[in-house]
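Trainee: Build me a model from this:
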Amino acid sequence: MGVIMQGFYWDCPREDDKEFTWWNHLNECLPSLREIGFTALWLPPLSKAANMDGMSMGYDPYDYYDLGEFDQKGSRPTWFGSKKELLALITTAHTNDMQVYADIVLNHNNGADAEEHNPLYNLTRWTKFNPKSKKFLRDWKCFHPSPYERCDEGSFGDMPDLCHHNPYVFDELLKYAQWLVEEIGIDGFRYDFVKGYGVWIIKAIQSRHYTKDKQDFTPFGVGECWDNNDVVQTWLHRVNDGTANPVSAFDFALRERFKALCHNPHYNLRSLVAAGTLLDEHPFETVTFVENHDTAVHDPIVSDKMLAYSYILTHEGYPCVFWQDYFNWNLAQEGTPFGIAALVRVHESAAGGATAILHLDDTLYIMQRIGSKTQPGLVYALNSSPHGWNGSRVQTQWKNTRLVPVAWRGADNDTAPQEQYTDAEGWAEIWSPTRGYAVYTPDQGS
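Mentor: Presented below is the predicted three-dimensional model:
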């Protein structure tokens, strides 16, 4: 399915000293990311934000159609740059055969220009929006409580929530999505805070007819349903029921297991691969991840994070790598077999076909991907024990074949696992370093 790079983290323009130039920074990084094997770039919300307490990451949208060209809310560009620079970034991505996904915030707005009286509940709120783009103007009837709907599925802070049952709001949001795809060049959406509104609005956006270069186009979609597995499963079923273009969801339950694995040297690997994750039940609608902009602030994984990255980049699902991990925390390790970059190469070159577990106990997990027409498959060993190398004799699908270690990392040292040779029945010894992993691929010439 490819590999997504989440192209931002919280307050990244300031933290990386790239205020108002983040789009240019991404543009410069794209060719090398594509060469490593990344196939998609996830961007933060593109629109001009309220910027109530200084420049904002965009999760408080004010003017949906201002991508950095109107002087309002304290600046002309967004915190990430100008519209021209954004379009140049998207062009570079497409030139390098990468898709671009945009965060889209449909639940709430902020930074209204005036207060209004809501007669339904005798409230006065900031709900009058008159943005300089002169598109999608809003008043109190566009927000909850509204004449069109009394129920609000979920509010976000104190920001006014859009009422999607207002026909004007519904139509404007569909127009906005179409504009992002057909005029700006976006290839898909990450739907923010999906628990705050009905699934039908996402169904409508995903099912709408789009064209690019006079050809029909189907956008990718993934929802942020930050909750336990049962809630995520229910949401995914509801949003995809009867939908021609189903969306994916982030696997928060699996991420919780990663945190336990990385923080606890006595974590039982049987728990990691047990049922109860989105990946287990819906691998083709699952975006796997280790960290994102929110978890990095509120619930970070702070040790042995490569154990988790080795898992998502060898298994099914659509893996997403976090920018800060790759660049700021130096987990890329480009040019070595020890980091994310090597695992991305493995994912793209070898990680095809279904997963078959070859060995599982409390501290050692060995599986194989059986391969596809374009990917030969692999063998992956994960060792959670802090007490030395761990291995087992397993039966693979490859007979009389040399298995070459192509990516590995351990807590004790960087010693490479030895090449292994399967016998006439496919049996071989597979080993992993201490608190580490090893990935082997079959030598196609053997």
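
Trainee: Extract the residue ranges of this structure that are flagged as low pLDDT.
Mentor: 153-157, 445-446 (pLDDT under 70).

Trainee: which stretches of it form helices?
Mentor: Assigned by DSSP state H, the chain shows helices spanning 12-15, 22-36, 83-95, 167-179, 199-207, 229-240, 252-263, 269-272, 278-281, 295-298, 305-312, 323, 340-350.

Trainee: Tabulate those (CSV), appending mean neighbour count and distance to D71.
Mentor: (C-beta placed from N, C-alpha, C; glycine too.) Shown next, in CSV, are the helices of the chain (neighbours: other Cβ atoms under 10 Å; distance: least, Cβ to Cβ, whole Å):
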stretch, mean neighbour count, distance to D71
helix 12-15, 17, 18
helix 22-36, 19, 18
helix 83-95, 19, 13
helix 167-179, 16, 21
helix 199-207, 19, 30
helix 229-240, 18, 38
helix 252-263, 20, 39
helix 269-272, 16, 51
helix 278-281, 18, 43
helix 295-298, 14, 30
helix 305-312, 25, 41
helix 323, 23, 29
helix 340-350, 24, 40
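
Trainee: Could you check how many residues crowd around Y437?
Mentor: 25 (other Cβ atoms under 10 Å).

Trainee: Show the contacting residues for it.
Mentor: Shown in contact with Y437 (Cβ atoms under 8 Å, 6 or more residues apart in numbering): 306-307, 310-311, 380-383, 407-409.

Trainee: repeat that for 10 Å
Mentor: Taking Cβ atoms under 10 Å, 6 or more residues apart in numbering as the criterion, Y437 is in contact with 306-311, 314, 343, 365, 380-384, 407-410, 417.

Trainee: Please look at H266 and R435 and confirm they touch.
Mentor: No - with contact defined as Cβ atoms under 10 Å, H266 does not count as touching R435 (11.0 Å).

Trainee: Please say which of those two ends up with more neighbours.
Mentor: A direct count of neighbours by other Cβ under 10 Å for H266 and R435 places R435 higher, at 25 against 9.

Trainee: Can you give me the distance of that one to H315?
Mentor: 19 Å (Cβ to Cβ, to the nearest Å).

Trainee: returning to what we had before: quick check: neighbours shared by H266 and R435?
Mentor: Joint contacts of H266 and R435 (Cβ under 10 Å, 6+ apart) are 363, 384-386.

Trainee: List the buried residues of stretch 272-290.
Mentor: Within stretch 272-290, the residues that count as buried by 16 or more other Cβ atoms under 10 Å are 272-273, 277-280, 282-283, 285-290.

Trainee: give me every residue that touches D414.
Mentor: Contacts of D414 (Cβ under 10 Å, 6+ apart): 336-338, 408, 433, 436.

Trainee: Separate out the buried members of the residues you listed.
Mentor: Buried by 16+ other Cβ under 10 Å: 337-338, 408, 433, 436, out of these.

Trainee: excluding its backbone neighbours, what's nearest I370?
Mentor: G353 (3.8 Å; Cβ to Cβ, 6 or more residues apart in numbering).

Trainee: Quick check: that neighbour vs T314, distance?
Mentor: Here the distance between G353 and T314 works out to 12 Å (Cβ to Cβ).

Trainee: now swap in Q368 and tell me
Mentor: Taking Cβ to Cβ, one finds Q368 at 10 Å from T314.

Trainee: what do you get for L33?
Mentor: 19 Å.

Trainee: shared neighbours of Q368 and T314, anything?
Mentor: Common neighbours of Q368 and T314 (Cβ under 10 Å, 6+ apart) are 355, 378-380.

Trainee: mind putting those in CSV, neighbour count and distance to D158 included?
Mentor: Output for the shared contacts of Q368 and T314, formatted as CSV (neighbours: other Cβ atoms under 10 Å; distance: Cβ to Cβ, whole Å):
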residue, neighbour count, distance to D158
T355, 18, 45
L378, 25, 49
V379, 27, 52
Y380, 25, 46
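
Trainee: Taking the buried residues of stretch 272-290 together, which two end up most distant?
Mentor: Within the buried residues of stretch 272-290, L272 and E285 form the most distant pair, 20.4 Å apart (Cβ to Cβ).

Trainee: Can you name the residues that contact Q418?
Mentor: Per Cβ under 10 Å, 6+ apart, neighbours of Q418: 403, 405, 429, 431, 438.

Trainee: and what of S47?
Mentor: The neighbours of S47, taking Cβ under 10 Å, 6+ apart as the test, are 58, 60-68, 78, 102-105, 131, 133, 176, 180.

Trainee: rerun at 6 Å
Mentor: 61, 64 (Cβ atoms under 6 Å, 6 or more residues apart in numbering).

Trainee: And the one 5 residues further on, by the same measure?
Mentor: M52 is in contact with no residue at all, counting by Cβ under 6 Å, 6+ apart.

Trainee: picking that back up, of the contacts of Q418, closest to H144?
Mentor: Closest to H144, out of all of those and judged by Cβ to Cβ, is A438, at 52.8 Å.

Trainee: ok so, going back, more neighbours: which of G353 and T314?
Mentor: T314 (25 against 18).

Trainee: Would you mind confirming that that one makes contact with Y380?
Mentor: Yes - contact status for T314 versus Y380: in contact at 4.4 Å, counting by Cβ atoms under 6 Å.

Trainee: what's the neighbour count on D412?
Mentor: As a burial measure, D412 scores 12 neighbours (other Cβ under 10 Å).

Trainee: any idea how far the nearest residue to it once chain neighbours are set aside lies from L364?
Mentor: Among residues not flanking D412 along the chain, T434 sits closest, at 4.4 Å (Cβ to Cβ, 6+ apart). From T434 over to L364 the distance is 12 Å, taken as Cβ to Cβ.

Trainee: For P160, give me its contacts.
Mentor: 109, 125, 127, 143.

Trainee: Kindly provide the distance from the third one to N107.
Mentor: Right, the one you point to is T127. Applying Cβ to Cβ to T127 and N107 gives a distance of 15 Å.

Trainee: contacting residues for N24?
Mentor: N24 makes contact with E85, according to Cβ under 6 Å, 6+ apart.
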